[in-house]
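**Q** Sharing a sequence plus its predicted fold:
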Amino acid sequence: MGFMYIQVSLLICYLDIISFILSSHARSHHHHHKNHHHTHHSPTPAQEPAINSSRIIFDVRKFGAVGNGLTDDTESFKKTWDAACNVDSATIFVPNGFSFFIQSTIFTGPCRAGLVLRIDGTLMPPDGPYSWPKNISKRQWLVFYRVDQLSMIGGGVIDGRGKKWWDLPCKPHKEAPGPCDSPIAIRFFMSSNLTVQGLRIKNSPQFHFRFDNCTTVHIKSVQITAPALSPNTDGIHIENTNDVQIYNTVISNGDDCVSIGAGCYDVDIRNITCGPGHGISIGSLGNHKSRACVSNITVRDSTIKQTDNGVRIKTWQGGSGKVSGVKFSNIHMYNVRNPIMIDQFYCLTKDCLNSTSAVHVSDIYYKSIKGTYDIRSPPMRFACSDSVPCTNLTLSDIELLPAQGNVVLEPFCWSAYGDMKRISNPQVSCLMKGVPKVLLNSAMGYC
């Protein structure tokens, strides 16, 4: 059942992209410039970027882009991409001082080696759901499909203009029924050897960055911002993606700063500043009885502040698979609710049922996690499945104190097995020793 679910999810992704390509091709024959009421300063001349002289520069303005924030520059960007894609060591240049209005589109590879997309200006989509073309999927804005060795760099801004999307009546904080598709701002699909560096991205309608079925992803010195109450605005989400480095990045939003989905392994997250938001999460995993495997994840040398959660692993009842080889170390918490959390009963409604199947969580190491926590919740919560308990949880040098008052809350454990390697504050005396009998002869957690 889990394998079928993953196949169906991938099929939906393929169908979205295929329909996207067909509709984009149709639009290329019926393209009109449209005005949108958005105030901008008059464009100022931009200087050519200081780029290695051996590179060939493709300035989007030379392919017809206007950059006044009003004219639709979609076709000009697509023409620039098509031209640069077929040249070695090409740089697509988006100049400073200009705001480029771009409709939802897909940039398709493969391209020649070493393509650079340098964004020094501002990119923006249609302003809200009612400005979005009716014949185009509302699930994504800019998609990069089957590209290899692409670098997206620069000091520019990607403005998702998400406020009107967040105010849709079907959003979680509105609790009204109805379709609620909202676009991911930047999505990479089936791509490899990717670099994203130096950019600022803000106010995405939904996820800011999403990487699906990608290999070797390097994200460095990126700034992601959205209001604390903006729904589903994850900063960086990865799914079925491996060999990932996320370094020196600042994220504040209304959901997870970084979320790690099924099929991810070899992920290194370092020197992240996260908050406000929902913290750094593995999951959610195992939804719709799916099988999820996640391994070799490291989160280190980071700061989490004013968030609903700190470092969290969340799984649904009824799933299968395993989360293993996870290390959280040298993390500073400031007024965080649920600083350390494993939740194997994750549910978005009140009618989820317990199940005898669950994603097995094992070999999780917490070291040198210090700071303060919001006293509405205990500093550590290990809520594990009765039938598939958490195993080999290791804690060392933990110091979590209440942000207000002097009463230190006790950690919560349920069906959790592990050990304390060094004295911590508070003490975690609720962990059970050894290996639960239910798992001794079980293979349900293997991936």
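**A** That came in fine, so what should we check first? Numbering: from 1, shown residues only.

**Q** and stretch 362-381, C-alpha only, in CSV?
**A** C-alpha atoms of stretch 362-381 as CSV (Å, rounded to 0.1, in the frame of the first residue of the first chain):
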residue,chain,number,x,y,z
SER,A,362,15.8,4.4,16.2
ASP,A,363,19.4,5.5,16.7
ILE,A,364,18.7,9.1,17.5
TYR,A,365,21.4,11.1,19.3
TYR,A,366,20.9,14.4,21.1
LYS,A,367,24.1,16.2,22.3
SER,A,368,24.7,19.6,23.8
ILE,A,369,21.2,21.1,23.3
LYS,A,370,20.8,24.0,25.6
GLY,A,371,18.6,27.1,26.2
THR,A,372,15.1,27.9,27.4
TYR,A,373,11.7,26.5,26.7
ASP,A,374,8.1,27.8,26.7
ILE,A,375,6.6,26.4,29.9
ARG,A,376,3.3,25.4,28.2
SER,A,377,5.0,22.1,27.2
PRO,A,378,7.7,19.9,28.7
PRO,A,379,11.2,20.4,27.4
MET,A,380,11.4,16.9,26.0
ARG,A,381,8.6,14.7,24.7
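
**Q** Centre of the chain to that stretch, how far?
**A** Taking Cα atoms, centre = their mean, to the nearest Å, one finds the center of stretch 362-381 at 22 Å from the center of the full chain.

**Q** Let me see the ranges of the helices in the stretch 51-200 of the chain.
**A** With DSSP state H, counting those that start in this stretch as the criterion, the stretch 51-200 of the chain has helices at 74-85, 163-166.

**Q** does Val87 really touch Arg55, like I thought?
**A** No. If you go by Cβ atoms under 8 Å, Val87 and Arg55 don't touch, sitting 9.6 Å apart. Backbone N, C-alpha and C define where each C-beta goes, glycine included.

**Q** Return every residue with contacts to both of these two.
**A** Common contact partners of Val87 and Arg55 (Cβ atoms under 8 Å, 6 or more residues apart in numbering): none.

**Q** ok, back up a step: kindly reformat the helices of the stretch 51-200 of the chain as JSON lines containing distance to Thr391 and mean neighbour count.
**A** Compiled in JSON lines, these are given as follows (distance: least, Cβ to Cβ, whole Å; neighbours: other Cβ atoms under 10 Å):
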{"stretch": "helix 74-85", "distance to Thr391": "49", "mean neighbour count": "20"}
{"stretch": "helix 163-166", "distance to Thr391": "40", "mean neighbour count": "20"}
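
**Q** Which positions within stretch 234-254 qualify as buried?
**A** Of all the residues in stretch 234-254, those buried under the rule 16 or more other Cβ atoms under 10 Å are 234-244, 246-247, 249-254.

**Q** quick one: terminal-to-terminal distance for it?
**A** Using Cα to Cα, to the nearest Å, one end of stretch 234-254 lies 7 Å from the other.

**Q** Leu229: neighbouring residues, count only.
**A** By other Cβ atoms under 10 Å, 11 other residues sit near Leu229.

**Q** nearest spatial neighbour of it, skipping sequence neighbours?
**A** Gly254 (5.6 Å; Cβ to Cβ, 6 or more residues apart in numbering).

**Q** how near is that neighbour to Trp165?
**A** 12 Å (Cβ to Cβ, to the nearest Å).

**Q** So which of the buried residues of stretch 234-254 belong to strands?
**A** Those of the buried residues of stretch 234-254 mapping onto strands are 236-239, 242-244, 246-247, 249-252, per DSSP state E.

**Q** Closest one to Lys202 out of those residues, please.
**A** Closest approach between these and Lys202, by Cβ to Cβ: Ser252, at 9.7 Å.

**Q** And that closest one, what's its pLDDT?
**A** You'll see Ser252 listed with a pLDDT of 98.

**Q** is it in a bridge, and if so with what?
**A** For Ser252, the beta-bridge partners are Thr225 (DSSP bridges).

**Q** so where is the stretch 301-447 of the chain shaky, pLDDT-wise?
**A** 440-445 (pLDDT under 70).

**Q** now do 90
**A** Applying pLDDT under 90 to the stretch 301-447 of the chain flags residues 347-357, 406-408, 421-424, 434-435, 437-447.

**Q** show me where it has strands.
**A** For the stretch 301-447 of the chain, the strands defined by DSSP state E, counting those that start in this stretch cover 311-315, 320-336, 340-343, 360-373, 380-383, 390-396, 399-402, 412-414, 416-420.

**Q** Out of these, which gets nearest to His218?
**A** Set against His218 and scored by Cβ to Cβ, these come closest in strand 320-336, at 19.8 Å.

**Q** Just the buried positions in that closest one, please.
**A** Quick answer for strand 320-336 (16+ other Cβ under 10 Å): 320-329, 331-336.

**Q** before we move on, what about stretch 295-315?
**A** Here stretch 295-315 shows 295, 297-302, 304-315 as buried, counting by 16+ other Cβ under 10 Å.

**Q** centre of the chain versus that stretch, how much separation?
**A** 13 Å.

**Q** Any idea how far apart the tips of that stretch sit?
**A** Taking Cα to Cα as the criterion, the two ends of stretch 295-315 lie 14 Å apart.

**Q** Only alpha carbons, please: show the helix or strand harbouring Arg210 as PDB.
**A** Assigned by DSSP states H and E, Arg210 belongs to strand 209-212. Taking C-alpha atoms only, strand 209-212 is exported to PDB below (Å, rounded to 0.1, in the frame of the first residue of the first chain):
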ATOM      1  CA  PHE A 209      11.900  25.900  -1.700                       C
ATOM      2  CA  ARG A 210      11.100  22.200  -2.500                       C
ATOM      3  CA  PHE A 211      13.400  19.600  -3.800                       C
ATOM      4  CA  ASP A 212      11.900  16.300  -5.100                       C
END
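
**Q** Can we start the residue count at 113 from this point?
**A** Happy to do that; since the first residue is 113 now, the last one works out to strand 321-324.

**Q** Touching that strand from outside, list them.
**A** Outside strand 321-324, the residues touching it (Cβ under 8 Å, 6+ apart) are 125, 296-303, 306, 308, 313, 329, 331, 336, 346-353, 356.

**Q** what lines up beside it in the sheet?
**A** By DSSP bridges, strand 321-324 pairs with strand 296-301 (parallel), strand 348-351 (parallel).

**Q** how far does the first one sit from the chain's center?
**A** Counting by Cα atoms, centre = their mean, strand 296-301 is centred 10 Å from the centre of its parent chain.

**Q** Just the closest of the ones in strands among the buried residues of stretch 346-366 to Ser474, please.
**A** Checking these one by one against Ser474 (Cβ to Cβ), the nearest turns out to be Asn354, at 19.5 Å.

**Q** In this model Ala374 seems to touch the closest one, though I could be wrong.
**A** No. In this structure, Asn354 is not within contact of Ala374 by Cβ under 8 Å, at 11.9 Å.

**Q** check contacts around the residue nearest to Leu341.
**A** Per Cβ under 8 Å, 6+ apart, neighbours of Gly366: 278, 338-345, 388-390.

**Q** For Asn518, grab the count of nearby residues.
**A** So Asn518, with other Cβ under 10 Å, has 6 neighbours.
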